[in-house]
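Chemist: structure here, sequence nowhere to be found:
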Ligand SMILES: Nc1ncnc2c1ncn2[C@@H]1O[C@H](COP(=O)(O)OP(=O)(O)OP(=O)(O)O)[C@@H](O)[C@H]1O
Ligand SMILES: [Mg+2]
């Protein structure tokens, strides 16, 4: 019963949100920004390294490289060269004299090049996968910081937009005075609040995962990422509710939710630019913890115990905010 | 169906009561009219009975449910038409009704049937943001029937509607009542109250002055009104006096003694006139 009404309210909100420019914009803009990030820093996301080798020239070497990277085999040297020229970040490994040389197109990232050199050296010095794994994987997968940072910021922005969306939806109910109509149906206030929250949460999770996929972070632990988005969005939703209740028009509501931008930007700057000991000054901010957790996930260095710690801190802060705001939210929806 | 005992309500949570010591009962199948001037406390009383306002003092039960501790299930049985229309302006008329119908756990009526019933057929796919005030009001009224309520609260269902549509609404209320629906009707329209209500309550300044059937009220005040036309300072004045209220009788005597009487005859009191006589105030 309760679940049914939460669902009905959620579906209504999603439908109405796709009808209005402002709310539609809030749902679409993260995806546009994700594409923008890709345009700004293409190639960067190519975390898997591609090698082009000559088939049957040295099967043992091909197999060795295949353990560490993506290997394509071509029938002769000419074809390998064509392949290297055809696309970014494909590195040719070609025989010359007694050894091998690395053929590039010239615009491959330094990382890929270093990786190719390293692999070649390792192969020649006969280092086995078991010995080398940890070090090489770390090296090969480290994501360039700019893109990681932009995507992380985008994830925080998404949770803020979800809050704005809630504010818009509450405002709609307020302007049309429809809450009292809902209140004379079997729908409980909790079901109403959860239905509205579900809308924001769904949009946040959907956009976040879509943005991770668009920007090429499909190899990260999406479940972990979703958990962080979930917990940091709770705070935005609470703020969205309050601002929706307290605002009288759409611009005001969106504007007041935007105030979250300041602590958010501060937390990001704090994490990125402030040295270790001083980071403690940002511990109050759930955005700081969300950013930190995202950073860990995007670098693929996320361990569950740490993640649970970060999420626990975020949820504890949200809980405190909730106890503060919940009575006002319930009252505002009378 | 409704039992109210010693109801008080203050918006400011002090002694400034919007509703004061209100008690009444509404029997199953009855149409009960709540009449009073603007600000009398009609909507406040309805608000408490529908759980929109928290019960502060007194006892009330609706459809067998205690209002102190409202069970959400009660709302499957009651319908509420709001004084101020409140429909989603970004949704069409039909979407509004079908969304609303899904929130109940009981069998609900077909949105199109209700839209046609209130004369909005052909407008079902229009967003209600583009509706006129009266159209929105009719949709709000239609929505209140969607769950086949056995207890129907109507807060000024005909306000702002043209007389023909108001008459249609009146017929719809009567029809439902004939099928056994209990109605709590707040209205300024004395003609509709007179036609529909089994009993009416006169409320003023938050207090109920009188509860009786229109029929009894007319018997009581019936032919006992006198309409007098008299000349005063070269103008013709027309006034109505009761022949049972002492104050009126004295005034009438004075006029007969002092003024030049042009015409004088007894007449049947309308509900509105009775209201004015009883409360000393008009309904407007
Ligand atoms: N939300 C509110 N906050 C404070 N006072 C209110 C509120 N609503 C109504 N009142 C006051 O309570 C009293 C009763 O108002 P109510 O709305 O019940 O009157 P009503 O009989 O329905 O009038 P109308 O015929 O104009 O609808 C009025 O004095 C009004 O000023
Ligand atoms: Mg009223």
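Modeler: Great, that's in hand. Remember, it's a predicted structure, so these values are computed and weren't measured experimentally. Residues are numbered from 1 along each chain as shown, chains lettered A, B, ... in the order given. Ligands and ions are numbered 1, 2, ... in the order given.

Chemist: okay, the nearest residue to residue B:162 once chain neighbours are set aside: pLDDT?
Modeler: Spatial nearest neighbour of residue B:162, chain neighbours left out: residue B:134 (7.2 Å); criterion: C-beta to C-beta, 6 or more residues apart in numbering or on different chains. For the C-beta atoms, the positions are set from N, CA and C on the backbone; glycine is no exception. In the prediction, the pLDDT value recorded for residue B:134 is 93.

Chemist: quick one: what helix or strand has residue B:134 in it?
Modeler: Assigning secondary structure by DSSP states H and E places residue B:134 in helix B:133-143.

Chemist: still on that earlier bit, burial count for the residue nearest to residue B:162?
Modeler: Number of residues near residue B:134 (other C-beta atoms under 10 Å in any protein chain shown) recorded here: 17.

Chemist: let me see the contact set for it.
Modeler: Contact partners of residue B:134, counting by C-beta atoms under 8 Å, 6 or more residues apart in numbering or on different chains, are B:160-162, B:165.

Chemist: and the residue in the stretch 1-150 of chain B that ligand 2 sits nearest to, what does it touch?
Modeler: Using C-beta to the ion, the single residue of the stretch 1-150 of chain B nearest to ligand 2 is residue B:43, 3.0 Å away. With contact taken as C-beta under 8 Å, 6+ apart, residue B:43 is in contact with B:83, B:155, B:186.

Chemist: what about it, is that helix, strand or coil?
Modeler: Classification of residue B:43 using DSSP: H, G, I helix; E, B strand; the rest coil returns helix.

Chemist: quick check: closest non-adjacent residue to residue B:51.
Modeler: When the adjacent residues along the chain are set aside, residue B:51 lies closest to residue B:70, with 4.5 Å between them (C-beta to C-beta, 6+ apart).

Chemist: surely the one you found meets residue B:52?
Modeler: No - applying C-beta atoms under 8 Å, one finds residue B:70 not in contact with residue B:52, separated by 10.2 Å.

Chemist: between these two, who's got more neighbours?
Modeler: Neighbours were counted for residue B:70 and for residue B:52 using other C-beta under 10 Å; residue B:52 has more, 18 against 15.

Chemist: show me what contacts residue 91?
Modeler: Unless you meant another one, I'm taking chain A. When contacts are counted by C-beta under 8 Å, 6+ apart, residue A:91 is found next to A:49-52, A:84, A:102-104, A:108, A:112-113, A:116.

Chemist: chain B was what I was after
Modeler: With contact taken as C-beta under 8 Å, 6+ apart, residue B:91 is in contact with A:12, A:16, B:99, B:127-128.

Chemist: now residue B:28
Modeler: By C-beta under 8 Å, 6+ apart, residue B:28 lies in contact with B:1, B:180, B:182.

Chemist: so who does the last one touch?
Modeler: Counting by C-beta under 8 Å, 6+ apart, residue B:182 touches B:1-2, B:26-32, B:150-152.

Chemist: so which of these is the closest to residue B:114?
Modeler: Using C-beta to C-beta, the shortest approach to residue B:114 within those belongs to residue B:152, at 13.4 Å.

Chemist: count the neighbours of the closest one for me.
Modeler: Quick note: residue B:152 (other C-beta under 10 Å) scores 23 neighbours.

Chemist: now residue A:8
Modeler: Using other C-beta under 10 Å, residue A:8 has 18 neighbouring residues.

Chemist: part of a helix, is it?
Modeler: Yes - secondary structure assignment (three-state DSSP) places residue A:8 inside a helix.

Chemist: for it, which non-adjacent residue is spatially closest?
Modeler: For residue A:8, the nearest residue in space outside its immediate sequence neighbours is residue B:102; the separation is 4.8 Å by C-beta to C-beta, 6+ apart.

Chemist: for residue B:115, give its distance to residue B:146.
Modeler: 11 Å (C-beta to C-beta, to the nearest Å).

Chemist: and for the two, which residues touch both?
Modeler: The overlap between the contact sets of residue B:115 and residue B:146 (C-beta under 8 Å, 6+ apart) consists of residue B:97.

Chemist: can you pull out the strands in the chain?
Modeler: Just so you know, I chose chain A. All strands of chain A, identified by DSSP state E, fall at A:50-54, A:70-74, A:90-96, A:99-103.

Chemist: let's do chain B instead
Modeler: With DSSP E as the criterion, chain B has strands spanning B:2-9, B:19-26, B:31-35, B:57-62, B:65-66, B:78-81, B:151-155, B:182-186, B:199-204, B:207-212, B:225-232, B:235-242, B:260-267.

Chemist: in JSON lines, list these along with mean pLDDT and distance to residue A:228.
Modeler: Conversion of the strands of chain B to JSON lines gives the following (pLDDT from 0 to 100; distance: least, C-beta to C-beta, whole Å):
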{"stretch": "strand B:2-9", "mean pLDDT": "94", "distance to residue A:228": "47"}
{"stretch": "strand B:19-26", "mean pLDDT": "94", "distance to residue A:228": "51"}
{"stretch": "strand B:31-35", "mean pLDDT": "94", "distance to residue A:228": "55"}
{"stretch": "strand B:57-62", "mean pLDDT": "93", "distance to residue A:228": "47"}
{"stretch": "strand B:65-66", "mean pLDDT": "93", "distance to residue A:228": "45"}
{"stretch": "strand B:78-81", "mean pLDDT": "96", "distance to residue A:228": "43"}
{"stretch": "strand B:151-155", "mean pLDDT": "96", "distance to residue A:228": "47"}
{"stretch": "strand B:182-186", "mean pLDDT": "96", "distance to residue A:228": "52"}
{"stretch": "strand B:199-204", "mean pLDDT": "92", "distance to residue A:228": "57"}
{"stretch": "strand B:207-212", "mean pLDDT": "90", "distance to residue A:228": "59"}
{"stretch": "strand B:225-232", "mean pLDDT": "83", "distance to residue A:228": "78"}
{"stretch": "strand B:235-242", "mean pLDDT": "82", "distance to residue A:228": "77"}
{"stretch": "strand B:260-267", "mean pLDDT": "81", "distance to residue A:228": "80"}
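
Chemist: residue A:187 is nearest to which of the ones you listed?
Modeler: Distance to residue A:187, taken as C-beta to C-beta, is lowest for strand B:78-81 among these, at 13.4 Å.

Chemist: what's the closest one packed up against?
Modeler: Using 3 or more C-beta pairs under 8 Å, 6 or more residues apart in numbering or on different chains; DSSP states H and E as the contact criterion, the elements in contact with strand B:78-81 are helix B:133-143, strand B:151-155.

Chemist: the domain parsing of the chain - what is it?
Modeler: In the absence of a named chain, chain A is used. Listed domain ranges for chain A are A:2-41+A:144-332, A:48-131 (source: automatic domain parsing).

Chemist: meant chain B, my bad for not saying
Modeler: Listed domain ranges for chain B are B:2-214, B:223-267 (source: automatic domain parsing).

Chemist: any idea which of those domains is most buried?
Modeler: Compared across the domains of chain B, domain B:2-214 shows the largest average neighbour count, a mean of 19 (mean count of other C-beta atoms under 10 Å in any protein chain shown).

Chemist: that one near ligand 1 anywhere?
Modeler: Yes - against ligand 1, domain B:2-214 shows contacts by C-beta under 6 Å from any ligand atom at B:11, B:18, B:36, B:38-44, B:83.
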